[in-house]
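1. Provided below are the primary sequence and the corresponding predicted coordinates.
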Amino acid sequence: MFNTDVCHNEKEVESKFIASYLLPALGYEANDWRQEVGGNRLRLDFLIANLVIETKHPAKDLEDYVEQLKNYMNSFSLSYGLLTNSQELRIYQKKEEKTELVFHCFVRGIEHKIAQIKAIIGKPALNTQHIGTVKAAENSDSQPKQRRNGMKVITIYHNKGGVGKTTVAVNLAAALRNMEKRVLLIDIDAQANSTFATGLVKFLFDEQDDLKDSNVFSLLADSERGFIPEIRRPSKLFNEPEIDVIPSHITLINKQNELTVYANTRWRLHSKIQNVKDEYDIVIIDTPPSRDVYAEMALIAADYLIIPSDLKPFANQGLPNVRNFIRQADETRIGIGKTTLNVMGILPSKISWNDKYLKNIFEKQKEAVFRSYGFSIMSSKITDRVILSNSLNQTIDMGELRIPDPKSIFAAGKNSESAQEFYALADEILQKMGD
């Protein structure tokens with residue numbers, strides 16, 4: 001019989017409920033499980049054969065951690081996941097591409113449920129050989145990731161503003177950098193939101209502006225001058241490790257006409273990026289929410305396109321324009337010897353994390369978008385959480401001045417749901433790119 005009153009924090013859930021009571025009751029011995037297992041920048045509380053166990057504080061609502069558990073199961077290719085706070089216990093099973101709740105009970109009186117639990121995840125029911133596969137994944141976490149298929153360029157674009165392009169671009173770059181990829185972020189939007197978000201706009205007065213004469217326009221204006229190594233700079237206190245950034249500037253607004261005189265300027269960004277193909281694994285381009293020459297350059301330069309969308313009517317109604325813009329860019333791409341643009345799909349972004357919405361409306365929205373506009377929907381999603389929006393709007397007081405101090409979601413909350421969503425997105429992208 002287990003007394004649920006003995007657990008007062010997450011560590012006690014691990015030691016008193018899982019290690020001392022549940023696992024022995026399921027037939028496991030101490031050498032059958034491993035704790036604090038790492039891989040792909042994730043940390044599992046318990047790993048046993050084909051099962052991950054994730055524990056939470058007794059006061060935590062398990063519903064808030066279901067997506068995190070599913071992410072762990074996907075990242076480590078596990079069939080079963082157990083989630084508990086010592087008051088409630090849930091078991092999830094992954095069948096093909098779908099993960100479902102297969103068992104649920106309250107922990108008080110759990111001794112009467114042990115036989116049922118054992119039939120699902122007891123020692124005889126699981127293939128213990130699977131742990132070797134995951135151990136190999138764990139060991140690889142400490143090794144440098146090898147670049148297998150050459151540099152890849154990903155453009156983040158939608159002609160509708162306010163759908164989270166910049167949030168996706170900067171945090172995806174940070175996630176990939178945390179996974180030991182060599183990453184370059186290019187801001188080609190005159191609003192310079194990615195430049196700001198990565199900590200490069202900490203000045204408050206015009207005379208302190210060190211971006212005006214060295215930014216992405218320097219890259220685009222001349223084929224014989226202004227190369228990436230001269231213009232890139234590391235982000236400032238944005239992430240650990242920092243990422244390389246080609247900054248933008250508000251003056252881009254007035255310079256479009258200079259770039260439309262000659263047709264070859266449209267693939268100059270592509271050419272400049274290819275000059276550093278041995279220095280980076282992934283290049284991410286953040287674009288303006290418009291159909292202009294800057295966005296066109298980004299589509300021509302890209303290998304892959306991600307379309308962030310909140311799936312609301314205005315964003316959806318802009319998708320035919322996105323498709324037509326892709327076709328326009330493809331004409332140029334084919335003309336310079338590239339293939340047509342590979343569209344990874346629509347990334348649900350700025351989505352409500354409300355459970356009722358996710359179970360009902362969200363699924364209907366995805367189906368409607370696919371049916372009406374023909375774009376596939378990515379498996380990952382980025383929900384609209386306070387910590388995510390606040391992370392890019394942090395400030396720091398310096399005397400009488402308040403200086404911008406934006407952070408990646410990993411610097412602001414490395415264990416947050418938002419951080420896990422971006423790691424899941426990075427994993428999905430790497431898988432689709434064959435990395």
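-> Cool, the structure landed.

2. Would you map the strands across the stretch 301-435 of the chain?
-> Applying DSSP state E, counting those that start in this stretch to the stretch 301-435 of the chain gives strands spanning 304-309, 342-351, 382-383, 395-398, 401-404.

3. just checking, next helix/strand downstream of the lowest-mean-pLDDT helix or strand in the chain?
-> In the chain, the helix or strand scored least confidently by mean pLDDT, DSSP states H and E is helix 130-140, which has a mean of 42. Following helix 130-140 in sequence order, the next helix or strand is strand 152-156 (DSSP states H and E).

4. angle of the next helix or strand after that next one against strand 304-309?
-> Of the helices and strands lying after strand 152-156 in sequence (DSSP H and E), the nearest is helix 165-178. Interaxial angle, helix 165-178 versus strand 304-309 (axes from the mean of the first three to the mean of the last three Cα atoms, to 10 degrees): 130 degrees.

5. pLDDT below threshold where in the stretch 251-400 of the chain?
-> For the stretch 251-400 of the chain, no stretch is flagged by pLDDT under 70.

6. between the strands of the stretch 301-435 of the chain, which gets nearest to Ser86?
-> Closest to Ser86 of the strands of the stretch 301-435 of the chain is strand 382-383 (Cβ to Cβ; 26.6 Å). From N, CA and C alone the C-beta is placed, and that goes for glycine too.

7. Who are the packing partners of that closest one?
-> strand 342-351, helix 417-432 (3 or more Cβ pairs under 8 Å, 6 or more residues apart in numbering; DSSP states H and E).

8. any chance of the ones you listed in JSON lines, plus distance to Ile282 and mean neighbour count?
-> Shown next, in JSON lines, are these (distance: least, Cβ to Cβ, whole Å; neighbours: other Cβ atoms under 10 Å):
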{"stretch": "strand 342-351", "distance to Ile282": "13", "mean neighbour count": "21"}
{"stretch": "helix 417-432", "distance to Ile282": "8", "mean neighbour count": "21"}
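
9. could you dump those to JSON lines with distance to Gln317?
-> Formatted as JSON lines, the helices and strands packed on strand 382-383 follow (distance: least, Cβ to Cβ, whole Å):
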{"stretch": "strand 342-351", "distance to Gln317": "13"}
{"stretch": "helix 417-432", "distance to Gln317": "25"}
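
10. quick one, helices of the stretch 1-150 of the chain?
-> With helices called from DSSP state H, counting those that start in this stretch, the stretch 1-150 of the chain shows them at 10-12, 23-25, 66-75, 114-121, 130-140.

11. who touches the first one?
-> The set of residues external to helix 10-12 that reach it, using Cβ atoms under 8 Å, 6 or more residues apart in numbering, is 6, 55-57, 86.

12. From the residues you listed, list the buried ones, please.
-> Buried members of the contacts of helix 10-12, scored by 16 or more other Cβ atoms under 10 Å, are 55-56, 86.

13. closest to Ile243 among those?
-> Looking across these and measuring by Cβ to Cβ, the closest to Ile243 is Lys56, at 31.5 Å.

14. Nearest residue to Arg402 in space, ignoring adjacent ones along the chain?
-> Nearest-residue entry for Arg402: Thr395, 4.8 Å, with adjacent residues in sequence omitted and distances by Cβ to Cβ, 6 or more residues apart in numbering.

15. Surely that neighbour and Pro404 touch.
-> Yes - counting by Cβ atoms under 8 Å, Thr395 does reach Pro404; the two are 5.8 Å apart.

16. More neighbours: which of these two?
-> Pro404 (18 against 11; other Cβ atoms under 10 Å).
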